[in-house]
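Undergrad: Give me a model of this one.
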Amino acid sequence: MGEDDPDVRYHGVKCIVTDRLQDDLNTETGRDRDQYLYRVKRRSTGEVLPIDFRHGDLVPTTPLEEPSSEDDY
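TA: This next block holds a predicted model:
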């Protein structure tokens with residue numbers, strides 16, 4: 001992913017999924033998981049990010065724990 005990637009400024013930000021949305025991208029790609037978009041909020045502030053993410057954009061972290069000031073780097 002390059003610097004022109006629209007979500008590059010959120011790489012490394014720890015978030016919580018708040019909503020799972022659905023569209024029909026999977027009909028074009030043939031991959032069932034491509035039909036889902038995920039809306040997330042920042043763990044440290046609760047701010048909902050202004051863009052939604054696909055499954056492949058998200059990287060799981062440790063199980064849910066209390067947010068800390070070190071969640072965003």
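
Undergrad: Strands of the protein, start to end?
TA: With strands called from DSSP state E, the chain shows them at 15-22, 36-42, 53-54.

Undergrad: what about these, which gets the closest to residue 29?
TA: Nearest to residue 29, of all the strands of the chain, is strand 53-54, at 10.1 Å by C-beta to C-beta. The C-beta positions use only the backbone N, C-alpha and C, and glycine is treated the same way.

Undergrad: what is the rounded mean pLDDT of that closest one?
TA: Averaging pLDDT along strand 53-54 gives 94.

Undergrad: just stretch 13-22 next, same as before
TA: Computed over stretch 13-22, the mean pLDDT rounds to 95.

Undergrad: And that stretch, what's buried?
TA: Neighbour counts over stretch 13-22 (16 or more other C-beta atoms under 10 Å) mark 13, 14, 15 as buried.

Undergrad: which residue packs closest to the last one, ignoring adjacent ones?
TA: Okay, so that is residue 15. Using C-beta to C-beta, 6 or more residues apart in numbering and skipping the chain neighbours, the partner closest in space to residue 15 is residue 40 (3.8 Å).

Undergrad: Who are the contact partners of that neighbour?
TA: Each residue near residue 40 by C-beta atoms under 8 Å, 6 or more residues apart in numbering is listed here: 15, 16, 17, 18, 48, 49, 52, 53, 58.

Undergrad: Output those residues in CSV, with distance to residue 24 appended to each entry.
TA: CSV is the format used below for the contacts of residue 40 (distance: C-beta to C-beta, whole Å):
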residue, distance to residue 24
15, 25
16, 26
17, 21
18, 22
48, 24
49, 23
52, 15
53, 17
58, 20
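
Undergrad: Just flag the most distant two among those.
TA: Farthest-apart pair in these is 48 and 58; separation 15.0 Å (C-beta to C-beta).

Undergrad: between those two, which one's more packed in?
TA: residue 48 (15 against 12; other C-beta atoms under 10 Å).

Undergrad: ok, the more buried one to residue 42 distance?
TA: Going from residue 48 to residue 42 by C-beta to C-beta, to the nearest Å gives 8 Å.

Undergrad: low-scoring stretches of the chain, by residue?
TA: 1-3, 62-73 (pLDDT under 70).
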